[in-house]
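J.: I need the structure of the sequence given here:
(one chain, ligands or ions: 1)
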Amino acid sequence: MPEAPIPPAAEQTFDALVIGAGFAGLYQLHALRDRLGLRVRVLEAADGVGGTWWWNRYPGARCDSESHAYAFYFSDDLLQSWDWSERYPQQPEILRYLNHVADRLDLRRDITFGARVTQAQWDEAAGLWRVVTQDGRRYAAPFLITAVGCLSSTNRPDIPGAADFAGAIHHTGEWPHEGVDFTGKRVGMIGTGSTGIQAAPVIAEAAAQLTVFQRTANYSIPARNRPLDDAFKRWAKENAAEIRAAMHSAPNGHPWPVGSRSALEVSAEEREAAFRAAWEKGGLALRATFRDILTDRAANDTAAEFIRSRIREVVKDPATAAKLAEIDHPFATKRPPIDTGYFETFNRDNVALVDIRADPIERITPTGLRLRSGAEHALDVIVFATGFDAMTGALLRMGIEGRGGLALHDAWAAGPRTQLGLQVPGFPNLFTITGPGSPSVLTNMPVAIEQHVEWIADCIAHLRAKGLATIEASDQAAEDWVAHVNDAANATLMPQAGHSWYLGANVPGKPRVFMPYAGGMARYRAICAEVAAQGYPGFVTAGHAARVTA
Ligand code: N01
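T.: Residues are numbered from 1 along each chain as shown. Take a look at the predicted model:
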């Protein structure tokens, strides 16, 4: 039943407001409503649940985490009532799963769809977050929790001439729900990150011609996707507790261990055999073959060279192979894609690779793309697989203002500052699920989300039990945490990928700050648990009477 429109002046008050109805928002609603008994409203811009999986409907969209690990583990009922069909779930299947979760936990009645938040202001006197949606609806609550995802604000390149293009331009992150018919079309795809690498083989199957415009060559590992048989499905259900424990103790939230040996302490043959085995098995675990792939450049070089050799082996045209293998950053220092036939796609007659690092795009013309050299590429459809204004983009476009009218935009002018990625100084009772400064995108996301949702619910329960009105990150704690996040990143090779979205480098003008916490999920979990057990040091709490000062 659609909700009746509410007159602009009428404000609805709740105990907590949650923004977003993807994995994070759904579980946060359940945790606050069904465990704590709070009155909660979820505001969701889309017309359905799903978050990332609502918007990202591009051809080939599937998850790079294995399906049995890409699920909620807080509920045995959810685990036992769902079967995944493939090793890596496709977008429609994940969307069905999240709808199943929403139905099974009866979440829909507390979600308002089509509600894009455009303003969220902390009202000091009332001790409330006052939230306004694009269509003028108003809500208020003492607690505001963002569950807006890390990769949800699309990054559309500002290429001159786009408005004149006679064909269609689609961004993968805002894909038309009715799909795009590529039959007989000349398609140009810009971007070779995880998305472009998933989409290219599927577009190539349908289109008359696919031209991939590559600015930065990328590593990719075969996914080796396959249907799951009944024996595996039974095993995953029977061993859910062990899988959960493995994910919770792993640095990346995946249910596989990181190798204990250095890539440099074994013989070249042994190393090659280990990489081969990981390559044949497929998936993200290749980067965990040895313990130092992400921390030692020489160790990393061995993995990087192994993958380059595979690219040269697969791609038949030596010039194309050379362009694909000319990768300028260490392996896994940008999020490593996994693929189904990406490099093989360049062996097709209807697929071409264009190096736009050597010859950049100058403009979009009515009939296609023109490069700086003057070369013209005639196109009917342009696909932007150009990624996202990651981690901060979605938070900064909601008009969030904290104490004294401090805009989040200004508070983060030099880059995001948080305590544990969970709270921002000057923004009382605002919690940011998988916010910048937390492991989030460096992990298997549902594991990171569950940990944050539960920490936030426990924190709010603590405040209520103690009769406290507000909690807010202290300035010093955020200062210290940002320094620690930097140290953790610098202990890895990841900052060496100078153009990665981890650093905000993909968005012109964005501060270059390494945003996710690279210290490992298990370590981070322990830090957060310790903070809660110690009564929330690094956070300032205030009672109802003394709420005003921090
Ligand atoms: O985006 P990206 P994505 N002109 O930023 C290029 C997750 N994900 O959507 O490297 C020309 O990685 C850009 O080039 P460069 C996953 O975490 C998960 O692919 O900046 N090119 C790059 O090649 C992933 O990392 C799954 O030089 C331009 C590409 O576009 C994250 O989403 C599946 C350009 C963007 O790559 C983002 O991946 C898919 C310009 N102006 C994605 N601007 C799952 O499995 C950008 N590029 C769940």
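J.: Identify, by residue count, the longest helix of the chain.
T.: helix 445-465 (DSSP state H).
J.: Next, see if that one gets close to the ligand.
T.: No: if you take C-beta under 6 Å from any ligand atom as the test, helix 445-465 misses the ligand, and the best it gets is 7.8 Å. Glycine gets a C-beta too; all of them are placed from N, C-alpha and C.
J.: Number the residues from 461 up from this point.
T.: All set: I'll call the first residue 461, so the last point we hit is now helix 905-925.
J.: now that helix: mean pLDDT?
T.: For helix 905-925, mean pLDDT is 98.
J.: Any regions of the stretch 661-810 of the chain where pLDDT drops low?
T.: Applying pLDDT under 70 to the stretch 661-810 of the chain flags no residue at all.
J.: so how many other residues sit close to the spatially closest residue to Val592 that is not a sequence neighbour?
T.: Counting by C-beta to C-beta, 6 or more residues apart in numbering, Val592 lies nearest to Gln579, which is 4.1 Å off, once chain neighbours are set aside. For Gln579, the neighbour count with other C-beta atoms under 10 Å is 14.
J.: Next, the contact list for the residue in the stretch 811-960 of the chain positioned nearest to the ligand, please.
T.: Nearest residue of the stretch 811-960 of the chain to the ligand: Gly847, at 2.5 Å (C-beta to the nearest ligand atom). By C-beta atoms under 8 Å, 6 or more residues apart in numbering, Gly847 lies in contact with 611, 614-615, 633, 651, 653, 655, 961, 966.
J.: What is the longest helix of the chain packed up against?
T.: Helix 905-925 is packed against helix 483-490, strand 890-892, strand 928-933, helix 981-993, with contacts defined by 3 or more C-beta pairs under 8 Å, 6 or more residues apart in numbering; DSSP states H and E.
J.: Could you check the angle that helix makes with helix 483-490?
T.: In terms of direction (axes from the mean of the first three to the mean of the last three C-alpha atoms, to 10 degrees), helix 905-925 departs from helix 483-490 by 30 degrees.
J.: chain center to helix 905-925: distance?
T.: On the basis of C-alpha atoms, centre = their mean, to the nearest Å, helix 905-925 sits 19 Å off its chain's mean C-alpha point.
J.: now the angle between strand 928-933 and it, please.
T.: Using the same axes, to 10 degrees: helix 905-925 against strand 928-933 is 140 degrees.
J.: related to what we said a few turns ago, how about the backbone phi and psi for the residue nearest to Val592?
T.: phi -150, psi 140 (degrees, to the nearest 10).
J.: among the helices and strands packed on helix 905-925, which is nearest Ala691?
T.: Closest to Ala691 of those is helix 483-490 (C-beta to C-beta; 27.5 Å).
J.: hmm, who's touching the closest one?
T.: 478-479, 481, 500, 502, 504, 509, 511, 532, 534, 558, 561-562, 565, 567, 570-571, 605, 607, 609, 893-894, 905-906, 909-910, 912-913, 916-917.
J.: Only whichever of the residues you listed are buried, select them in PyMOL.
T.: To isolate the buried members of the contacts of helix 483-490 in PyMOL, using 16 or more other C-beta atoms under 10 Å:
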select buried, resi 478+479+481+500+502+504+509+511+532+558+561+562+565+567+570+571+605+607+609+893+894+905+906+909+910+912+913+916+917
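J.: related to what we said a few turns ago, specify the angle between the longest helix of the chain and helix 981-993 in degrees.
T.: Interaxial angle of helix 905-925 relative to helix 981-993 (the same axes, to 10 degrees): 0 degrees.
J.: As PDB, could you dump the C-alpha coordinates of helix 905-925?
T.: C-alpha atoms of helix 905-925 as PDB (Å, rounded to 0.1, in the frame of the first residue of the first chain):
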ATOM      1  CA  MET A 905      30.700  -6.500   3.300                       C
ATOM      2  CA  PRO A 906      28.000  -8.400   5.100                       C
ATOM      3  CA  VAL A 907      30.500  -9.300   7.800                       C
ATOM      4  CA  ALA A 908      31.500  -5.700   8.300                       C
ATOM      5  CA  ILE A 909      27.900  -4.600   8.200                       C
ATOM      6  CA  GLU A 910      26.800  -7.100  10.900                       C
ATOM      7  CA  GLN A 911      29.600  -6.000  13.200                       C
ATOM      8  CA  HIS A 912      28.700  -2.300  12.900                       C
ATOM      9  CA  VAL A 913      24.900  -2.900  13.200                       C
ATOM     10  CA  GLU A 914      25.400  -4.900  16.400                       C
ATOM     11  CA  TRP A 915      27.900  -2.400  17.800                       C
ATOM     12  CA  ILE A 916      25.500   0.500  17.200                       C
ATOM     13  CA  ALA A 917      22.500  -1.400  18.600                       C
ATOM     14  CA  ASP A 918      24.500  -2.300  21.700                       C
ATOM     15  CA  CYS A 919      25.700   1.300  22.000                       C
ATOM     16  CA  ILE A 920      22.100   2.700  21.900                       C
ATOM     17  CA  ALA A 921      21.000   0.000  24.400                       C
ATOM     18  CA  HIS A 922      23.800   1.100  26.700                       C
ATOM     19  CA  LEU A 923      22.800   4.800  26.400                       C
ATOM     20  CA  ARG A 924      19.200   3.900  27.200                       C
ATOM     21  CA  ALA A 925      20.100   1.700  30.100                       C
END
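J.: ok, the residue nearest to Arg598 when sequence neighbours are not counted - contacts?
T.: In this structure, Arg598 finds its nearest non-sequential neighbour in Glu471, 4.1 Å apart by C-beta to C-beta, 6+ apart. Glu471 is in contact with 590, 598-600, counting by C-beta under 8 Å, 6+ apart.
J.: And Glu471, how far from Ala600?
T.: Glu471 is 5 Å from Ala600, where distance means C-beta to C-beta, to the nearest Å.
J.: Between these two, which contacts overlap?
T.: By C-beta under 8 Å, 6+ apart, the residues touching both Glu471 and Ala600 are Arg590.
J.: on that earlier part again, with the contacts of Glu471 in mind, which one is nearest to the ligand?
T.: Using C-beta to the nearest ligand atom, the contacts of Glu471 come closest to the ligand at Tyr599, 29.9 Å.
J.: where's that closest one, which helix or strand?
T.: Assessed by DSSP states H and E, Tyr599 sits inside strand 598-601.
J.: Show me what the helix or strand following that strand is packed against.
T.: As assigned by DSSP H and E, the chain's next helix or strand after strand 598-601 is strand 603-606. Using 3+ C-beta pairs under 8 Å, 6+ apart, the elements in contact with strand 603-606 are strand 476-479, strand 588-593, strand 890-892.
J.: Could you find the closest non-adjacent residue to the closest residue to the ligand within the stretch 561-710 of the chain?
T.: Relative to the ligand, the nearest point of the stretch 561-710 of the chain is Gly653 (2.2 Å; C-beta to the nearest ligand atom). The shortest distance from Gly653 to any non-neighbouring residue, by C-beta to C-beta, 6+ apart, is to Gly847 (5.5 Å).
J.: From Asn810, how far off is that neighbour?
T.: 25 Å.
J.: so Leu923 sits right up against Ala1002, yeah?
T.: No: with contact defined as C-beta atoms under 8 Å, Leu923 does not reach Ala1002; the gap is 9.8 Å.
J.: Need the residues touching each of these two.
T.: With C-beta under 8 Å, 6+ apart, Leu923 and Ala1002 have common neighbours 929-930.
J.: Any residues of the stretch 861-1010 of the chain in contact with the ligand? List them.
T.: So the stretch 861-1010 of the chain meets the ligand at 901, 959, 961, 966 (C-beta under 6 Å from any ligand atom).
J.: meant to ask about the stretch 461-610 of the chain, not that
T.: 523-524.
J.: where in the stretch 461-610 of the chain is pLDDT low?
T.: Residues of the stretch 461-610 of the chain meeting the criterion pLDDT under 70: 461-469.
J.: the domain parsing of this protein - what is it?
T.: Domain ranges of the chain: 471-613+850-1003, 622-685+735-844, per automatic domain parsing.
J.: quick one: contacts for Arg924?
T.: Counted by C-beta under 8 Å, 6+ apart, Arg924 has contacts Leu496.
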